[in-house]
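*Asks:* Here is my input, please return the structure:
(chains A, B, C and D)
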Number of protein chains: 2
Amino acid sequence: MNDSVLTPERILAAAEDVLRRYGPGKATVVDVAQALGVSHGSVYRHFASKAALREAVLRGWLARSMAPLQAIANSRTPPPARLRQWFTTLRQAKRDNVLGDPELFATYSALAAEAGDAIAEHKERMQQQIASILAAGMASGDFRELDPPAAARALFDATARFHYPGLSHLWNQPGEDVAFTRLLDLLLAGLAPAPTPPRRRK
Amino acid sequence: MNDSVLTPERILAAAEDVLRRYGPGKATVVDVAQALGVSHGSVYRHFASKAALREAVLRGWLARSMAPLQAIANSRTPPPARLRQWFTTLRQAKRDNVLGDPELFATYSALAAEAGDAIAEHKERMQQQIASILAAGMASGDFRELDPPAAARALFDATARFHYPGLSHLWNQPGEDVAFTRLLDLLLAGLAPAPTPPRRRK
DNA sequence: CGAATGACAAATATTGAAATCTGTCAGTCG
DNA sequence: CGACTGACAGATTTCAATATTTGTCATTCG
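*Replies:* Have a look, this model is predicted:
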């Protein structure tokens, strides 16, 4: 088990494994050290605290889960469809995690609840992706004039019901899919160019 | 303390008091009985279980908290402004509860987490109020054609971030007010009549 | 010499025995 | 007679003793 030198990467991998196996409540840094065949004092050489180690694991997971969304944000699908696809994928990914491996999901939810900054930064990056889609849509005339970061935040907030992990207990109810689709319809309607509703001008 | 006969109402009042005083974790039905000067066996004569008693207390609270919203829903303010006022009031009421008496709010959140039906019914009534405002707006031409119950659900979901108690930890952050206003702007834009954006007709 | 160890204090978690609580019901009391 | 009691069994909670874990650091090892 103790092949090469002890690196942060190897510790991270072991920590992930231990967390997966024992869950967030039982995983100790002694367990991690044991899995690596070293003393627990050694892991403190690379991570300042147990909290730091856990946060690092979380960051890795968040980065990996972000990749498919980034790809969609960068695609050349027409912006309205791209935005829809982005949110649908976000929701589906979360949903698959909860339904597919509830324990692992609970583990990452627990880590997320501890680590403040990592989550805030992750949300920030997500909203930047949304904002880039909005900017593309404004350029193409598919969306009305708006402040991309502010609108991105509004969209992210509006869909929280369907992607915020703390609300995952609502995701199994019947009619959840149509409700989500209807919400996206409403939001996209709100983004469409408005040709001056009541009186017409020019 | 034991004036008149023992009625469900008196028990309910005592239970509310005990819950307020001891919190959801410590309040026992023995405490409630004691506050009324009767044996705890007597309260089981009026409520089938501790859970039923707690749910009854919750129902009372929900009914009371609903009144001001009902008044707004019934008012004759122009539908878009009325809708905005309804959601703003909803959010503000929740906010005041959290900031004003966090312990009491936590108590009711705990009760809400236990009682399934009461909450589902409450949400249903809330959405009916929204739907009635939407129907009024369609009649007055302020809103486009839509399915009021479905759109009400979408609006309720979209604003969950700002009124779902489980997310109350987010309500103190700076910029929360503007974010909420922007979300309402976006949603109201999505409800506005759309005069066929690209090509004009009629 | 630098990486790793392991003994240690303080903080945190686990355990299980004792206490309390829920829900029932035969019996009392007015 | 019917509202109320209180003793009771089983479930749940509390609490304090015990064990584990975190984080440090003087010492060892290669």
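*Asks:* For chain B, what's its nearest residue on chain A.
*Replies:* Nearest to chain B in chain A, going by C-beta to the nearest C-beta, is A:Gly190, at a distance of 3.2 Å. Where you see a C-beta, it was placed from the backbone N, CA and C, and this is true even at glycine.
*Asks:* What is the burial count for the residue nearest to A:Thr77 when sequence neighbours are not counted?
*Replies:* Spatial nearest neighbour of A:Thr77, chain neighbours left out: A:Gln85 (6.4 Å); criterion: C-beta to C-beta, 6 or more residues apart in numbering or on different chains. Neighbours of A:Gln85 under the rule other C-beta atoms under 10 Å in any protein chain shown: 16.
*Asks:* can I assume A:Gln85 is in contact with A:Ala73?
*Replies:* No: counting by C-beta atoms under 8 Å, A:Gln85 stays clear of A:Ala73, with 9.7 Å between them.
*Asks:* Look up the residues that both of these two are in contact with.
*Replies:* Common neighbours of A:Gln85 and A:Ala73, counting by C-beta atoms under 8 Å, 6 or more residues apart in numbering or on different chains, are absent.
*Asks:* and the residue of chain A closest to chain B, what does it touch?
*Replies:* B:186-191.
*Asks:* Find me whatever residue is spatially closest to A:Ala35, sequence neighbours aside.
*Replies:* Distances taken as C-beta to C-beta, 6+ apart put A:Ala14 closest to A:Ala35, at 4.5 Å, once the chain neighbours are dropped.
*Asks:* name the helices or strands packed onto the helix or strand that neighbour falls within?
*Replies:* Here A:Ala14 sits within helix A:8-22, counting by DSSP states H and E. For helix A:8-22, the packing partners by 3 or more C-beta pairs under 8 Å, 6 or more residues apart in numbering or on different chains; DSSP states H and E come out as helix A:29-36, helix A:50-74, helix A:102-114.
*Asks:* Spell out which residues of chain A are next to DNA strand C.
*Replies:* A:5-6, A:25-26, A:37-42, A:45 (C-beta under 7 Å from any atom of the strand).
*Asks:* State the number of residues packed around the nearest residue in space to A:Asp31 that is not next to it in sequence.
*Replies:* Counting by C-beta to C-beta, 6+ apart, A:Asp31 lies nearest to A:Val18, which is 4.8 Å off, once chain neighbours are set aside. As a burial measure, A:Val18 scores 22 neighbours (other C-beta under 10 Å).
*Asks:* Now flag whichever of the residues of chain A next to DNA strand C is closest to DNA strand C.
*Replies:* Nearest to DNA strand C among the residues of chain A next to DNA strand C, counting by C-beta to the nearest atom of the strand, is A:Gly41 at 2.2 Å.
*Asks:* Can you verify my assumption that the residue nearest to A:Asp31 contacts A:Ala33?
*Replies:* No: using C-beta under 8 Å, A:Val18 is not in contact with A:Ala33, being 9.6 Å away.
*Asks:* quick check: domain ranges of chain A?
*Replies:* If you go by automatic domain parsing, the domain ranges for chain A are A:3-44, A:55-191.
*Asks:* Report whether the shortest one contacts DNA strand D.
*Replies:* Yes: among the residues of domain A:3-44, A:28-31, A:40-41, A:44 lie within reach of DNA strand D under C-beta under 7 Å from any atom of the strand.
*Asks:* Now for the residues you listed, which sits with the most neighbours around it?
*Replies:* A:Val29 (20 neighbours).
*Asks:* my read: that residue touches A:Gly41, true?
*Replies:* No: using C-beta under 8 Å, A:Val29 is not in contact with A:Gly41; the gap is 9.6 Å.
*Asks:* just to revisit the earlier point, same list, the residues of domain A:3-44 next to DNA strand D, but as a markdown table with pLDDT please.
*Replies:* Converted to a markdown table, the residues of domain A:3-44 next to DNA strand D look like this (pLDDT from 0 to 100):
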| residue | pLDDT |
| --- | --- |
| A:Thr28 | 96 |
| A:Val29 | 97 |
| A:Val30 | 96 |
| A:Asp31 | 96 |
| A:His40 | 95 |
| A:Gly41 | 95 |
| A:Tyr44 | 96 |
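*Asks:* For these, please prepare CSV with the additional fields distance to A:Gly60.
*Replies:* Below are these laid out as CSV (distance: C-beta to C-beta, whole Å):
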residue, distance to A:Gly60
A:Thr28, 20
A:Val29, 17
A:Val30, 21
A:Asp31, 18
A:His40, 21
A:Gly41, 24
A:Tyr44, 19
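*Asks:* hang on, the earlier thing: quick check: the residue nearest to A:Ala35 vs DNA strand D, distance?
*Replies:* Taking C-beta to the nearest atom of the strand, to the nearest Å as the criterion, A:Ala14 is separated from DNA strand D by 13 Å.
*Asks:* Taking helix A:102-114 as reference, get the angle to whichever strand or helix holds A:His122.
*Replies:* Here A:His122, judged by DSSP H and E, is contained in helix A:116-140. Put simply, helix A:116-140 runs at 100 degrees to helix A:102-114, going by axes from the mean of the first three to the mean of the last three C-alpha atoms, to 10 degrees.
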